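[1] model the structure of this input:
(one chain, ligands or ions: 1)
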Amino acid sequence: MQAKYPDDNFEAVIRKNATSGIYEFRIKCADCPGKHYTPGPGESLQNFEVHLKNRQHRSKVNARLHPQPSETS
Ligand SMILES: [Zn+2]
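    A predicted model of the protein is given here:
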């Protein structure tokens, strides 16, 4: 998956559901802080791949890869 999207930073996280106590698999996007994505459907990561193609996400990735020299942050 990371090889398929070399420009994207994301990591898998295991979160314990507070109510059910069940451990759930989530994907965290490093470029979109605070967002967690549920993988699926099934064994696939299609839900997250949709996010990788999201325009807002892509602009954040582009900004990281190609910082504007004039931009003062
Ligand atoms: Zn993102």
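[2] phi, psi for residue 50 please.
    When read as degrees, to the nearest 10, the backbone of residue 50 gives phi -60, psi -40.
[3] do you know the pLDDT at it?
    As predicted, residue 50 sits at a pLDDT of 95.
[4] can you measure across stretch 40-52, start residue to end residue?
    14 Å (CA to CA, to the nearest Å).
[5] all strands for the protein, in order.
    Along the chain, counting by DSSP state E, strands occupy 10-16, 23-29, 36-37.
[6] JSON lines for the ones you listed, including distance to the ion, mean neighbour count and mean pLDDT?
    (Each C-beta comes from the backbone N, C-alpha and C, glycine too.) Shown next, in JSON lines, are these (distance: least, CB to the ion, whole Å; neighbours: other CB atoms under 10 Å; pLDDT from 0 to 100):
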{"stretch": "strand 10-16", "distance to the ion": "7", "mean neighbour count": "12", "mean pLDDT": "91"}
{"stretch": "strand 23-29", "distance to the ion": "3", "mean neighbour count": "15", "mean pLDDT": "93"}
{"stretch": "strand 36-37", "distance to the ion": "9", "mean neighbour count": "16", "mean pLDDT": "91"}
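[7] of those, which approaches residue 55 most closely?
    strand 23-29 (14.0 Å; CB to CB).
[8] next, the angle from the top helix by length along the chain to strand 23-29.
    Using DSSP state H, we find that the single longest helix of the chain is helix 55-65. Interaxial angle, helix 55-65 versus strand 23-29 (axes from the mean of the first three to the mean of the last three CA atoms, to 10 degrees): 60 degrees.
[9] helix 55-65 close to the ion?
    Yes. Judged by CB under 5 Å from the ion, helix 55-65 and the ion are in contact via residue 57.
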